[in-house]
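A.B. asks: Sequence first, then the predicted structure, then my questions.
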Amino acid sequence: MTVTEPDGSARRGGPAFQVTLYTGQGRPVRQAEASAGHVLLSTAALPAGLYQVQVRLGSQVLRRQLSVQH
């Protein structure tokens with residue numbers, strides 16, 4: 001899974017953004033921080049199912065659902 005920062009502020013020297021992937025029960029299973037405008041999280045070793053993706057940039061938080069299928 002690749003998460004790309006839409007406004008590009010990290011590429012302009014802005015703050016890094018953080019991505020956390022949670023199970024359906026709310027347990028974090030992957031986490032990464034990116035300052036280059038994108039981050040890659042592997043889902044290959046995760047069981048198939050629904051996950052929550054949280055992207056945080058400063059005080060802004062975006063949450064989306066992710067379906068992992070193999």
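C.D. replies: Received it, and whenever you're ready, just let me know what you need.
A.B. asks: mind checking which helix or strand the residue nearest to the spatial centre of the chain is in?
C.D. replies: For the chain, Val19 is the residue whose C-alpha lies nearest the centre (C-alpha atoms, centre = their mean; 3.1 Å). Using DSSP states H and E, Val19 sits within strand 17-23.
A.B. asks: same for that strand, what does it pack against?
C.D. replies: strand 28-34, strand 49-57 (3 or more C-beta pairs under 8 Å, 6 or more residues apart in numbering; DSSP states H and E). For every residue, glycine as well, the C-beta is placed using N, CA and C.
A.B. asks: neighbours of Val39, just the number please.
C.D. replies: Number of residues near Val39 (other C-beta atoms under 10 Å) recorded here: 22.
A.B. asks: Dig out what the closest residue to it other than its chain neighbours forms beta bridges with.
C.D. replies: In space, and not counting its chain neighbours, Val39 is closest to Ala32: 4.6 Å by C-beta to C-beta, 6 or more residues apart in numbering. Assessed by DSSP bridges, Ala32 has beta-bridge partners Val19.
A.B. asks: so what's Ala32 up against?
C.D. replies: Contact analysis of Ala32 by C-beta atoms under 8 Å, 6 or more residues apart in numbering lists Gln18, Val19, Val39, Leu40, Leu41.
A.B. asks: will you turn those into a markdown table that also has pLDDT?
C.D. replies: Formatted as a markdown table, these follow (pLDDT from 0 to 100):
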| residue | pLDDT |
| --- | --- |
| Gln18 | 92 |
| Val19 | 93 |
| Val39 | 86 |
| Leu40 | 87 |
| Leu41 | 89 |
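A.B. asks: Distance to Gln69 and mean pLDDT for the helices and strands packed on strand 17-23 - can I get that in JSON lines?
C.D. replies: As requested, the helices and strands packed on strand 17-23 are arranged in JSON lines below (distance: least, C-beta to C-beta, whole Å; pLDDT from 0 to 100):
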{"stretch": "strand 28-34", "distance to Gln69": "16", "mean pLDDT": "92"}
{"stretch": "strand 49-57", "distance to Gln69": "9", "mean pLDDT": "95"}
